[in-house]
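**Student:** Sequence below, structure please.
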Amino acid sequence: MAHNIAEIAAAIGAPFEGAGDLLVDGAAEPAAALPDQLALATTPKYAEGLRLGQARAALLWPGADWRALGLEAAILAPRGRLAMAGLTRILDAGPAIAPGIHPMTVVDPTAEIAEGAAVGPFVSIGAGARIGPRARIASHVSIGAGAQIGADALLLEGVRIGARVQIGDRVICQPGCVIGADGFSFVTPEKSGVEEIRGTLGIRGEINPQQWHRIHSLGAVILGDDIEVGANSCIDRGTIRSTRIGHRTKLDNLVHVAHNVEVGEDCLLCGMVGIAGSVKIGNRVVLAGQVGVADNLFIGDDVITGAGTVILTNAPAGRVLLGYPAIKMDKHVEMQKATRRLPRLALRVAALEARLGAPPEETE
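**Tutor:** Residues are numbered from 1 along each chain as shown. Predicted coordinates:
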């Protein structure tokens, strides 16, 4: 669907200049933009690309001389990426799911589907489940007994929603994510090797055979509003109480949130993050890619971690962490610089030893 420049500018709250009635039906990088596409050139470094492409209009940085760039219209965005969030929302038509319930879907007679919901083919909706108004459910989704899906939620292909899971309004579940699988909880009749080395920090006594007994998950998963769960991510149900994710938190692909975890509001959990059981995470926390969090820890509000960080102890609010084990980022950088100097330092020590004579043999 085409939109004119004035409509787009109003929708994203940015001023425009030039031909406000110029129509565009898509967006593109500057050098590849066609005449009916809006070129995305939010910083001066993209200006040369505009000369290579065919765009007649562009999303530009404030103060850009759009006429000199050969354009007929421009939207001037003070914060380019924020403007792109609004622009992509306007231009994204979303998945094509026909209104109503597809005839090849199985809905339990006790399930409730609100007005305006769209349910695609090969969907299974269990007993007592409730689907909110205008929710969209793509093909091959399964929704367990007693689950609740909020208004305007979007569940894409192959999503699995377990029994009793509660999903808030406007939640987006990307393909293949699993919300409400059982938690990974097992116990041995006698004290296990894992329990032993936790107490001794690695020193083991007599090693005996052990068998693991399953602890079933009686809790559920509760997702707040405006959450997004990435493709093939997993959020496990709680053992007794529910696993909880706060409003507006976003999970990337391949994220694992274990049983009993509580994640606050407005957090970002990037790809391949793994959070072990019973961790409590505050608000506005950012865990970068491949961050791992050990079980039963607390991470305070506004903590930010670099990629690959492994958190093994509680993290105070506002801390910026990096490394394995996690330490303050500035300290980690300092240590890495020192590590890179070690080969040169070893050569200097060897040269000094050669000048001063070999050191005496150390005796215990």
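**Student:** could you show me where the helices are in the stretch 201-350 of the chain, in order?
**Tutor:** Ranges of helices in the stretch 201-350 of the chain, per DSSP state H, counting those that start in this stretch, are 329-356.
**Student:** All the helices of the stretch 1-150 of the chain, residue numbers only.
**Tutor:** With DSSP H, counting those that start in this stretch as the criterion, the stretch 1-150 of the chain has helices spanning 5-12, 47-52, 80-91.
**Student:** The helix or strand of the chain at the bottom of the mean pLDDT ranking: how far from the chain's middle?
**Tutor:** The helix or strand of the chain with the lowest confidence, counting by mean pLDDT, DSSP states H and E, is helix 193-200 at a mean of 87. Computed by Cα atoms, centre = their mean, to the nearest Å, the chain-centroid distance of helix 193-200 equals 33 Å.
**Student:** Next, count neighbours for the residue lying closest to P95 once chain neighbours are set aside.
**Tutor:** Counting by Cβ to Cβ, 6 or more residues apart in numbering, P95 lies nearest to A138, which is 5.7 Å off, once chain neighbours are set aside. No exception for glycine: its C-beta is placed from N, CA and C like everyone else's. Burial of A138 is recorded as 22 neighbouring residues (other Cβ atoms under 10 Å).
**Student:** for H213, same thing?
**Tutor:** Residues near H213, counting by other Cβ under 10 Å, number 9.
**Student:** Contacts only, for it.
**Tutor:** By Cβ atoms under 8 Å, 6 or more residues apart in numbering, H213 lies in contact with 186-189.
**Student:** How about P325?
**Tutor:** Here P325 is in contact with 310-313 (Cβ under 8 Å, 6+ apart).
**Student:** Out of these, who's the most crowded?
**Tutor:** Of all these, the highest neighbour tally under other Cβ under 10 Å goes to I311, namely 23 neighbours.
**Student:** ok, that residue to A129 distance?
**Tutor:** 36 Å (Cβ to Cβ, to the nearest Å).
**Student:** can you check I222 too?
**Tutor:** Applying Cβ to Cβ to I222 and A129 gives a distance of 15 Å.
**Student:** any weak-confidence spans in the chain?
**Tutor:** Residue ranges of the chain with pLDDT under 70: 358-364.
**Student:** residues in contact with the residue lying closest to G53 once chain neighbours are set aside?
**Tutor:** Nearest non-adjacent residue to G53, counting by Cβ to Cβ, 6+ apart: A33, 4.1 Å away. Neighbouring residues of A33 by Cβ under 8 Å, 6+ apart: 39, 50, 53-55, 58.
**Student:** do I299 as well
**Tutor:** 279-282, 285, 293, 311, 314-315.
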